[in-house]
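>>> with the sequence up front, the predicted model follows.
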Amino acid sequence: MINITFPDNSVKAFEPGVTPLQVAESLSPQLAREVLAASVDGQEWDLSRPITADASLKLFKWEDPEGKHAFWHSSAHLLAEALQELFPGVKFGIGPAVESGFYYDIDPNGHQITAADFPAIEKKMLELARTKHPIVREEISKADALKMFGDRGEEYKCELISELEDGNITTYTQGAFTDLCRGPHLPDTAPIKAVKITSLAGAYWRGDATRNQLVRVYGITFPKQKMLDEYNALMEEAKKRDHRKLGKEMELFAFSQNVGAGLPLWLPKGAALRDRLEQFLRKIQKRYGYLQVITPHIGNKMLYVTSGHYAKYGKDSFQPIHTPEEGEEYLLKPMNCPHHCEIYRTSPRSYRDLPLRLAEFGTVYRYEQSGELHGLTRVRGFTQDDAHIFCAPEQIKDEFLKVMDIIFFIFKALKFENFEAQISLRDPANKEKYIGSDENWHLAEQAIIDACKEKGLNARQELGEAAFYGPKLDFMVKDAIGRRWQLGTIQVDYNLPERFQLEYTGADNQKHRPVMIHRAPFGSMERFVAVLLEHTAGHLPLWLAPEQVAVLPISEKFNDYAREVARQLEESDIRCTVDDRNEKIGRKIRDNQMRRMPYMLIVGEKEQENGEVSVRKSGEGDLGSMKIATFAENLAREVEEMTKF
RNA sequence: GCCGCAAUAGCUCAGUCGGUAGAGCAUUUCAUUCGUAACGAAAAGGUCGUGGGUUCGAGUCCCACUCGCGGCUCCA
């Protein structure tokens, strides 16, 4: 007998060779029906794979990420099997599970696969799932694997196999389909009850733009049809939150073919919203000792040669602007840092001047690839809420912590609770991609790691994600359909001070080199507004809403009183409109609700007589009547509560 | 930049086999003067993204470009 230890530390004895599925059956029939995957001694394990020695066992259901992962991974194989039947001769790349669903990359080998084929693929997948073919794991030698996939002309699989270690190669087979795969998988495909092929896209083989482009078929599956219906409803809902749609509806921003792709036009309401965000951040930054500066939108090309940006990005940027005078070249500024370095250099600096914190809402232009442009989240002209902190090396951690405080405060004020943090480090195997000394890289990376630890921030560390001049800490927020966008960023830079020969005189009367911290809590005004819109579904917090109050007269007889109410509220800096259309009150309420109006004030005979307003709050309904001044005070207090720090 | 898909009224969309362009909402006018989520009637609104081609005839078929969408690659 062998001893199986469960997560609650209880131990039960089983026959050697027992499978996780059999263990589940011995515990409860319901568990056996719901279990999808397992781990044995922390290693992913098929439900049907025998356990031969004492081990600790975890069982995963749909609710567990590991359970979904196995379900979708097996679904990817099912998709491949269906594609193999429908389009004989297609060659397979890779087919993993992803955050919501799975995909398979295929070389269509002459077949034309379009969205019109989706129903047929879905039908075939369900048909195959119902055959309940077991998914069988086999260990295979490298030579046999190469022969097997080579005979079938699976060049992509062979390339993968050739890089694997012999003795460590497994295949999984269900029905007529065998795939190179590490697993784990479901015991059979029967639990896959609902299938949706979601989209089709091109994807480079192994993510390399110089190699073949394969067709990536995306799908999602569920153990119940009802769950697919819910998923579809959720996707519909998400589409309504799309910031591009909301931006148009709410008249915040627009694009024009005549201006150019990726160059947003901020409409009056959007510009006002942006301004409120800027004022908010300015106020905080003033408190933290930042000094506002303003720098031009272009700079001499030599500035970027000095910074190193020209060598790295020159070819892929907007090209230099030539002047009537021969030989002069200017670039649209792609970042603000070199300008701020020049500000630093305008006078000799002492250690007493540090940290020097220069802030600017700086508009920059970057030639992003056309296929990459996306609403306000990826544009060619945008404004960073930028600042550069010049400090002594021993001040880094302290300054870093203060920046984190600002970011946390902003996220809290705007209720971004589900953000993720990522520490982007240098890829030690690929040092030539970066500039700067090993020692400085080490110092900078350690400063970030220590600061996160001190704040108790659970940040993921990613190798190879650093900027070419230094490591960074990024904050990510998800959009309506789960795509991750980077918002706030903090970056440590030993490089630019070196390149610009920045110095300060220390207490020892010697020259020292300062360190630079780049930081942008919003990231960019454009992207931040985009994510804010999706996050709130357009229901912006009261202090940011383009219009805070609509006054709705019951009939035209009360239009004058409504205007008087609006006038008084505007005196208290409340953003107010009067809906004096010739419509019934029900209609006005509906329309203003649809426009996401935070407050509606209904005024008729009663209110006019008493100098009152009848208050209706979005999401809460009728709050009853009160004096105009009382309402104004309440609203001011509500705004104050939201933005105080 | 690459792969695939789309572009019709201000918005959302329909338009069959190639035969003179349609709906709802929004807008304007008229009527109504109304108490907490849509009163009614009428009118106006389109060089079917742009440029070429095929055809007696193109919103519809073909080509190119632009813009957009979903991914990939990239993201200072």
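That came through fine. Residues are numbered from 1 along each chain as shown, chains lettered A, B, ... in the order given.
>>> the longest helix seen in chain A: how far from the chain's middle?
In chain A, assigned by DSSP state H, the helix with the most residues is helix A:65-86. Relative to its chain's centre, helix A:65-86 lies at 26 Å (C-alpha atoms, centre = their mean, to the nearest Å).
>>> give me the buried positions along it.
By neighbour count with 16 or more other C-beta atoms under 10 Å, helix A:65-86 contains the buried residues A:66-86. The way it works is simple: take the backbone N, C-alpha and C, and place the C-beta from them, glycine included.
>>> what of stretch A:255-275?
Neighbour count says stretch A:255-275 has A:255, A:262, A:264, A:266, A:267, A:269, A:270, A:273, A:274 buried, by 16+ other C-beta under 10 Å.
>>> what about the residues you listed, which are in helices?
A:269, A:270, A:273, A:274.
>>> give me phi/psi at the residue positioned nearest the centre of chain A?
Centroid-nearest residue in chain A, with C-alpha atoms, centre = their mean: residue A:484, separated by 1.5 Å. Here is the backbone geometry of residue A:484 (degrees, to the nearest 10): phi -90, psi 140.
>>> surely it touches residue A:460?
No - the pair residue A:484 / residue A:460 is not scored as a contact, 11.3 Å apart, by C-beta atoms under 8 Å.
>>> thinking again about what came up before, okay if I get the ones in helices among the buried residues of stretch A:255-275 as CSV plus pLDDT?
Formatted as CSV, those follow (pLDDT from 0 to 100):
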residue, pLDDT
A:269, 93
A:270, 94
A:273, 96
A:274, 96
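>>> just put these in CSV and tack on distance to RNA strand B.
Listed next are these as CSV, based on distance: C-beta to the nearest atom of the strand, whole Å:
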residue, distance to RNA strand B
A:269, 15
A:270, 16
A:273, 20
A:274, 20
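>>> enumerate the residues of the stretch 301-450 of chain A near RNA strand B.
Applying C-beta under 7 Å from any atom of the strand, one finds that the stretch 301-450 of chain A approaches RNA strand B through A:309, A:312-313, A:316-317, A:334-335, A:337, A:366-375, A:378.
>>> just the buried ones from those residues, in ChimeraX syntax?
To isolate the buried ones among these in ChimeraX, judged by 16+ other C-beta under 10 Å, type:
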select /A:309,312,313,317,334,335,337,366,368,374,375,378
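>>> strands - which of the residues of the stretch 301-450 of chain A next to RNA strand B land there?
Judged by DSSP state E, the subset of these located in strands is empty.
>>> the residues of the stretch 301-450 of chain A next to RNA strand B in helices, which ones?
A:309, A:312, A:313, A:337.
>>> can you tell me which of those is closest to residue A:426?
residue A:312 (15.0 Å; C-beta to C-beta).
>>> count the residues that sit near the closest residue to residue A:332 other than its chain neighbours.
Closest residue to residue A:332 apart from its sequence neighbours, by C-beta to C-beta, 6 or more residues apart in numbering: residue A:365 at 4.1 Å. Residues contacting residue A:365 under the criterion other C-beta atoms under 10 Å number 20.
>>> which secondary structure element contains whichever residue of the stretch 51-200 of chain A sits closest to RNA strand B?
Nearest residue of the stretch 51-200 of chain A to RNA strand B: residue A:199, at 4.0 Å (C-beta to the nearest atom of the strand). Using DSSP states H and E, residue A:199 maps to strand A:194-204.
>>> pull out the buried residues from the strand or helix carrying residue A:487.
Take DSSP H and E as the rule and residue A:487 turns out to sit in strand A:484-493. The neighbour-count criterion (16+ other C-beta under 10 Å) identifies A:485, A:486, A:487, A:488, A:489, A:490, A:491, A:492, A:493 as the buried residues of strand A:484-493.
>>> can you redo those as TSV with pLDDT and distance to RNA strand B?
Below are the buried residues of strand A:484-493 laid out as TSV (pLDDT from 0 to 100; distance: C-beta to the nearest atom of the strand, whole Å):
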residue	pLDDT	distance to RNA strand B
A:485	86	9
A:486	87	7
A:487	91	12
A:488	91	13
A:489	94	8
A:490	95	12
A:491	93	7
A:492	91	13
A:493	90	10
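>>> alongside RNA strand B, which residues does the stretch 1-150 of chain A contribute?
The stretch 1-150 of chain A comes close to RNA strand B at residues A:114, A:115, as judged by C-beta under 7 Å from any atom of the strand.
>>> and the helices in the stretch 1-150 of chain A?
Secondary structure of the stretch 1-150 of chain A (DSSP state H, counting those that start in this stretch): helices at A:20-27, A:29-34, A:65-86, A:118-130, A:142-151.
>>> for the residue in the stretch 101-250 of chain A that RNA strand B sits nearest to, name its beta-bridge partners.
Closest to RNA strand B within the stretch 101-250 of chain A is residue A:202: 2.6 Å, counting by C-beta to the nearest atom of the strand. Beta-bridge pairing for residue A:202 (DSSP bridges): residue A:215.
>>> ok, back up a step: the nearest residue to the residue of the stretch 51-200 of chain A closest to RNA strand B once chain neighbours are set aside: helix or strand, and which one exactly?
Computed as C-beta to C-beta, 6+ apart, the closest residue to residue A:199 that is not its neighbour in sequence is residue A:218, at 4.7 Å. Per DSSP H and E, residue A:218 falls inside strand A:213-222.
>>> for that strand, what is the average pLDDT?
In this model, strand A:213-222 has an average pLDDT of 94.
>>> flag every buried residue along that strand.
Under 16+ other C-beta under 10 Å, the buried positions of strand A:213-222 are A:214, A:215, A:216, A:217, A:218, A:219, A:220, A:221, A:222.
>>> again, but for stretch A:300-313
Those buried within stretch A:300-313 under the rule 16+ other C-beta under 10 Å are A:301, A:303, A:304, A:305, A:306, A:307, A:308, A:309, A:310, A:312, A:313.
>>> and what of stretch A:349-365?
A:349, A:354-365.
>>> redo those residues as TSV? Include secondary structure.
Formatted as TSV, these follow (DSSP: H, G, I helix; E, B strand; the rest coil):
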residue	secondary structure
A:349	coil
A:354	coil
A:355	coil
A:356	strand
A:357	strand
A:358	strand
A:359	strand
A:360	strand
A:361	strand
A:362	strand
A:363	strand
A:364	strand
A:365	strand
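>>> widest-spaced pair of those residues?
Top of the distance list for those (C-beta to C-beta): A:354 and A:365, 30.9 Å.
>>> check contacts around the nearest residue to residue A:94 once chain neighbours are set aside.
Spatial nearest neighbour of residue A:94, chain neighbours left out: residue A:105 (5.6 Å); criterion: C-beta to C-beta, 6+ apart. If a contact means C-beta atoms under 8 Å, 6 or more residues apart in numbering, then residue A:105 has A:92, A:93, A:94, A:95, A:203, A:205, A:214, A:215, A:216 as its contacts.
>>> so the residue nearest to residue A:199 makes contact with residue A:99?
No - contact criterion C-beta under 8 Å: residue A:218 and residue A:99 do not qualify, at 11.5 Å.
>>> just to revisit the earlier point, turn the ones in helices among the buried residues of stretch A:255-275 into a markdown table, columns for distance to residue A:111.
Listed next are those as a markdown table, based on distance: C-beta to C-beta, whole Å:
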| residue | distance to residue A:111 |
| --- | --- |
| A:269 | 49 |
| A:270 | 46 |
| A:273 | 49 |
| A:274 | 48 |
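>>> which residue sits closest to residue A:203, ignoring its sequence neighbours?
Closest to residue A:203 by C-beta to C-beta, 6+ apart is residue A:216, at 4.0 Å.
>>> meant to ask about residue A:284
That would be residue A:406: by C-beta to C-beta, 6+ apart, it lies 5.9 Å from residue A:284.
>>> for whichever strand or helix holds that neighbour, name the packing helices and strands.
Of the helices and strands defined by DSSP H and E, residue A:406 is found in helix A:396-413. With contacts taken as 3 or more C-beta pairs under 8 Å, 6 or more residues apart in numbering; DSSP states H and E, helix A:396-413 sits against helix A:268-287, strand A:381-391, helix A:438-455, strand A:472-478, strand A:484-493, strand A:515-520.
>>> 7 Å instead?
helix A:438-455, strand A:484-493, strand A:515-520 (3 or more C-beta pairs under 7 Å, 6 or more residues apart in numbering; DSSP states H and E).
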